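J.: Below are the sequence and a predicted model for it; my questions follow.
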Number of protein chains: 2
Amino acid sequence: MPAPSPASAGTTPRRRAGRPTAAVLDQTVITKAAVDLINRKGYEALTMAALAKQLQVAPSALYNHVASKDDVMLLIEDHVADLVDVSAFETEPWDAAVRRWAWSYRDVFSQHTPLIPIIAVMPVANAPKTLAMYEAVTAGFRRAGFPQEQIISAVVALEAFIFGAAFDVNAPEDIYDAGSLAERTPNLNAAVDSLAAQGHKRPTDVAFSLGLEALISGFGALLAGKG
Amino acid sequence: MPAPSPASAGTTPRRRAGRPTAAVLDQTVITKAAVDLINRKGYEALTMAALAKQLQVAPSALYNHVASKDDVMLLIEDHVADLVDVSAFETEPWDAAVRRWAWSYRDVFSQHTPLIPIIAVMPVANAPKTLAMYEAVTAGFRRAGFPQEQIISAVVALEAFIFGAAFDVNAPEDIYDAGSLAERTPNLNAAVDSLAAQGHKRPTDVAFSLGLEALISGFGALLAGKG
DNA sequence: ACCATTAAATGAATGTCATTCATTTATCTC
DNA sequence: GAGATAAATGAATGACATTCATTTAATGGT
């Protein structure tokens, strides 16, 4: 039998199969590696293979800790939910708190739009940080005197607006240029041009502000002691 | 050499490669087949192979008429945009028209949520029916006396809300059940319960109505001749 | 009428994924 | 210590979308 392949200097010996001395993986490190990967290279780069590579592990090893890639997405979502700023609900009046929360929520998820189709539909149980966010928001609404039966509806409506707006952030500025069919859309063109003529802030931010303020003042009318 | 395989009765002879007598494919038939497939089996079933099979054609043949699957998605989007009801902008007051359009838009796209991440970000040029929708809406806003520079922002905000709400329609009713972590979310639980106690209409419709009415009355304040 | 070009199909790769499975081996438990 | 369990490996699998060389019929120019 020839000499066993020598542990040549400078080469880290490849791990053999079998139970390692200490576990390398768990949901926490997988989540961190995934978020890191996304921050550095975007969601297109998030593959199970790339994630495994980042963790210096075989792709199949991940499946000892998560059931599927969608499962990884849920872990990411819960991590990201923690980045949303709900602190204003404890320190500021209702309208200012909603404003801070909504802008923060939109900004965070504009960097994570691939999560939206998943979380918009996925039950929130087992996502502790996401639940913590909802709890903080709901508590803020209650303290402000919002009618109990309308809190969820109002939050769902705000969230719908926020999710839609998060996609918007990633749209190109010329998304409403009619191009070669412009002859048929005079009213649209005129509206687009007159918005561009204003042209200070990002159009997407102007639209978000406009919608958010309308929602805040509409819902504000439901507060106790305002009518 | 054995006899060449006879054209056995009942077997349609397989098409040979080469230019056919009359072209089978174009973007119109591809779009129709795709929409048909989606309506019958959902978006998961929309693969290039399945689409080709539906058209009795090899998958590679599709690529003579579309550049990619995303291209097919855009064709579907433009087809679907035509289903949105904008007629009220020509016959009814502004607020009623927005209401009809928004509900219709949400209902249509709740059946086509996989399109949303694509269209929310994709320039609208070369999508004639989508452009026609925007033109009708924009014209309605202008006729109602909406300030020119705010029309796009208002429409974008409404659309964001509509897209977010479209996802919502497909969520399970118990999406806000905290499950095993319920001890930590008393306010959320109370709000969920008190909404459920009302329990007439679909919660998702209640939330949509609440948000939409807030947006309509908020934007209505911008109309000329309203004070 | 002929011939070169082009359009529209085929089917056989390719490459990228997520996911599964038999196997290996260190650690934990009784 | 023996047996069970946990956590890794690497080699399939099976969906996919997409590309490419090839085939063949229609078309257009001379």
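T.: Yes, it's here. Predicted model, so just to flag it, every value in this text is computed and none were measured.
J.: what distance separates the helix or strand hosting residue A:102 from the middle of the whole chain?
T.: Assigned by DSSP states H and E, residue A:102 belongs to helix A:94-110. Chain-centre distance of helix A:94-110: 12 Å, with Cα atoms, centre = their mean, to the nearest Å.
J.: domain ranges for chain A?
T.: Domain ranges of chain A: A:27-66, A:85-220, per automatic domain parsing.
J.: Looking at those, which one is packed in the most?
T.: Stretch with highest mean neighbour count among those: domain A:85-220 (a mean of 19; mean count of other Cβ atoms under 10 Å in any protein chain shown). (Each C-beta comes from the backbone N, C-alpha and C, glycine too.)
J.: Mean confidence (pLDDT) on that domain, please.
T.: Domain A:85-220 carries an average pLDDT of 96.
J.: so residue A:123 touches residue B:178, yeah?
T.: No. Between residue A:123 and residue B:178 there is no contact under Cβ atoms under 8 Å: 9.5 Å.
J.: Let me see the ranges of the helices in chain A.
T.: In chain A, the helices defined using DSSP state H lie at A:27-41, A:48-54, A:59-62, A:69-81, A:88-91, A:94-110, A:116-119, A:128-143, A:151-169, A:186-198, A:203-220.
J.: right, and the ones you listed - which one's nearest DNA strand D?
T.: helix A:59-62 (2.7 Å; Cβ to the nearest atom of the strand).
J.: how near is residue A:207 to residue B:160?
T.: According to Cβ to Cβ, to the nearest Å, residue A:207 stands 7 Å off from residue B:160.
J.: How about residue A:30?
T.: For residue A:30 relative to residue B:160 (Cβ to Cβ), the value is 32 Å.
J.: do residue A:200 as well
T.: Residue A:200 is 20 Å from residue B:160, by Cβ to Cβ.
J.: got a markdown table for the helices of chain A, with distance to DNA strand C too?
T.: Below are these laid out as a markdown table (distance: least, Cβ to the nearest atom of the strand, whole Å):
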| stretch | distance to DNA strand C |
| --- | --- |
| helix A:27-41 | 11 |
| helix A:48-54 | 3 |
| helix A:59-62 | 3 |
| helix A:69-81 | 4 |
| helix A:88-91 | 36 |
| helix A:94-110 | 21 |
| helix A:116-119 | 12 |
| helix A:128-143 | 21 |
| helix A:151-169 | 22 |
| helix A:186-198 | 32 |
| helix A:203-220 | 29 |
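J.: so which of those comes closest to residue B:194?
T.: helix A:151-169 (8.0 Å; Cβ to Cβ).
J.: Kindly state the pLDDT recorded for the residue in chain A that DNA strand C sits nearest to?
T.: Closest to DNA strand C within chain A is residue A:18: 2.1 Å, counting by Cβ to the nearest atom of the strand. In this model, residue A:18 is scored at 76, pLDDT.
J.: And for residue A:224?
T.: 81.
J.: Verify the stated contact: it with residue A:142.
T.: No. With contact defined as Cβ under 8 Å, residue A:224 does not reach residue A:142; the gap is 10.5 Å.
J.: Which residues are in contact with the residue nearest to residue A:29 when sequence neighbours are not counted?
T.: Closest residue in space to residue A:29, ignoring its immediate chain neighbours: residue A:55 at 6.8 Å, by Cβ to Cβ, 6 or more residues apart in numbering or on different chains. Contacts were defined as Cβ atoms under 8 Å, 6 or more residues apart in numbering or on different chains; by that measure residue A:55 touches A:24, A:25, A:29, A:30, A:33, A:62.
J.: Keep only those that also lie close to DNA strand D.
T.: Restricting those to those touching DNA strand D (Cβ under 7 Å from any atom of the strand) yields A:24, A:25.
J.: Hmm, which of the contacts of residue A:55 is lowest in pLDDT?
T.: Where pLDDT dips furthest among the contacts of residue A:55: residue A:24, at 82.
J.: Fine by me, we can end here.
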